[in-house]
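Chemist: here is a sequence with its predicted model. Questions after.
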Amino acid sequence: MLLAGLIAGLSPVPPSAGQDAAAPFACPGCALDGEQYKRQDLTDADFTEASLAGAGFHRAILVGADFAGADLTSANLNKTAARQADFTGATMTNFLFYESDGGQALFTDASMAGAKMQGARLFAANFDGADISAAFLMEARFDGASLKNASLSRSNLTDAVLTRADLEGADLSQSGLLNARLRGANLRGANLSGADLYRADLTDADLTGANLAGARLSLAHTKDAIFEGADLTGTLMPDGSTHE
């Protein structure tokens, strides 16, 4: 499925620039580091196992695209439409996803440390087992997303929305969750030690068995939240007291 231009040593281009327009762009396993696909329509494209370090997809349409196992280190996916895209097992360290739409996308087991995803819309996306540590997730929307056993340690989730998100077993230690909305979230067995939940909304959240040692819950909303079996050692509680 490679183009004649690719055979001649040129970079592959999307269908609009020469391929059969009826067929989705496909270049599995290709070396495409630094290639630019700005504003291209790459619906259902196949980039599985491709090397795309530093590649640019700014404002591209990536709906249903397959990046499973790809290397997207430092790639720019800002303001892309990536609904239902598959990033399973991809290497996405320090990649950019600012204000992008990743609704129902798969990020299962992806390596996303240091990712910059401010304002991204990630409704019902799957991040199970992903490493999203030290990431910038301010104002990101994770409504109904699954983040079971994901690592978000030291990530900035200020003003993020995680309404009814599944964070069971997730590592949120030392994370910033100031003003975060976690209403109805499943945080059973999650590690929130040292996390900052100042003014966070934990209404109806389930924190059964969670580790909140040394966390800050100052002015947090905890109505009907479940803390059964949670470790609250040294936790700064909503009323300003410190739990012993």
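Modeler: Noted; the coordinates are in hand.

Chemist: ok, now which ones touch residue 184?
Modeler: Counting by C-beta atoms under 8 Å, 6 or more residues apart in numbering, residue 184 touches 163-164, 203-205. Every C-beta, even on glycine, is put in place using the N, C-alpha and C of the backbone.

Chemist: and of those, the nearest to residue 151?
Modeler: The closest of those to residue 151 turns out to be residue 205 (C-beta to C-beta; 19.5 Å).

Chemist: hang on, the earlier thing: determine which two of the contacts of residue 184 are furthest apart.
Modeler: 164 and 203 (11.1 Å).

Chemist: common neighbours of the two, please.
Modeler: With contacts taken as C-beta under 8 Å, 6+ apart, residue 164 and residue 203 have 183-184 as neighbours in common.

Chemist: before we move on, the earlier item: including neighbour count, secondary structure and distance to residue 139, could the contacts of residue 184 go into TSV?
Modeler: Converted to TSV, the contacts of residue 184 look like this (neighbours: other C-beta atoms under 10 Å; DSSP: H, G, I helix; E, B strand; the rest coil; distance: C-beta to C-beta, whole Å):
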residue	neighbour count	secondary structure	distance to residue 139
163	20	coil	14
164	17	coil	18
203	17	coil	19
204	17	coil	22
205	30	coil	19
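
Chemist: can you lay out those as JSON lines showing pLDDT and distance to residue 58?
Modeler: Shown next, in JSON lines, are the contacts of residue 184 (pLDDT from 0 to 100; distance: C-beta to C-beta, whole Å):
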{"residue": "163", "pLDDT": "98", "distance to residue 58": "29"}
{"residue": "164", "pLDDT": "98", "distance to residue 58": "31"}
{"residue": "203", "pLDDT": "98", "distance to residue 58": "37"}
{"residue": "204", "pLDDT": "98", "distance to residue 58": "38"}
{"residue": "205", "pLDDT": "98", "distance to residue 58": "36"}
